[in-house]
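A.B. asks: sequence first, then the predicted structure:
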Amino acid sequence: MDSPFASENGLHHLSTEAWLRSPVVAGLHGALLLALLFHTLTWLHLAPRAMVVRLGGRRVPDTVVLAGHYAAWLGASAFVAWALLA
């Protein structure tokens, strides 16, 4: 037994896998993904208003701050994808 949650004959694993493949659970995961993406986008668009960045005494434009946040999000996502798929 590799997992403390597995039964001797592996039926628990098969029933859990079947439950995860059900359309209701897939729909729930899809809805949660959309909610997560919506929250992330609204949070990123709020950042330039909450954080005023000054460089050389001049305010950095909101679009530059937003682009930096998107770049960081993309970089973090690429790293996580690489770590999970490698």
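C.D. replies: Nice, I can see it. Numbers count the residues shown, from 1 in each chain.

A.B. asks: need the next SSE after the lengthiest helix in the chain, C-terminal direction.
C.D. replies: Determined from DSSP state H, the single longest helix within the chain is helix 23-50. Using DSSP states H and E, the helix or strand that directly follows helix 23-50 along the chain is strand 54-55.

A.B. asks: hang on, the earlier thing: just checking, what packs against the longest helix of the chain?
C.D. replies: Helices and strands touching helix 23-50, by 3 or more CB pairs under 8 Å, 6 or more residues apart in numbering; DSSP states H and E, are helix 62-85. Any C-beta I mention is one placed from the backbone N, CA and C, and that applies to glycine too.

A.B. asks: what angle separates the helix it packs on from helix 23-50?
C.D. replies: Between helix 62-85 and helix 23-50, the angle comes out at 140 degrees (axes from the mean of the first three to the mean of the last three CA atoms, to 10 degrees).

A.B. asks: mind listing what's buried along helix 62-85?
C.D. replies: 65, 69 (16 or more other CB atoms under 10 Å).

A.B. asks: what's the average pLDDT for it?
C.D. replies: Mean pLDDT, helix 62-85: 96.

A.B. asks: contact partners of it?
C.D. replies: With contact meaning CB atoms under 8 Å, 6 or more residues apart in numbering, helix 62-85 is reached by 40, 44, 45, 47, 48, 49, 51, 53.

A.B. asks: from start to finish, how long is stretch 43-63 in a straight line?
C.D. replies: End-to-end distance for stretch 43-63: 14 Å, by CA to CA, to the nearest Å.

A.B. asks: which of the contacts of helix 62-85 are buried?
C.D. replies: The neighbour-count test (16+ other CB under 10 Å) applied to the contacts of helix 62-85 identifies 44, 48 as buried.

A.B. asks: taking the contacts of helix 62-85 together, which two end up most distant?
C.D. replies: 40 and 53 (20.2 Å; CB to CB).

A.B. asks: could you export the contacts of helix 62-85 to TSV, including columns for pLDDT and distance to residue 65?
C.D. replies: As requested, the contacts of helix 62-85 are arranged in TSV below (pLDDT from 0 to 100; distance: CB to CB, whole Å):
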residue	pLDDT	distance to residue 65
40	93	16
44	92	10
45	92	10
47	90	6
48	90	4
49	90	9
51	88	7
53	90	6
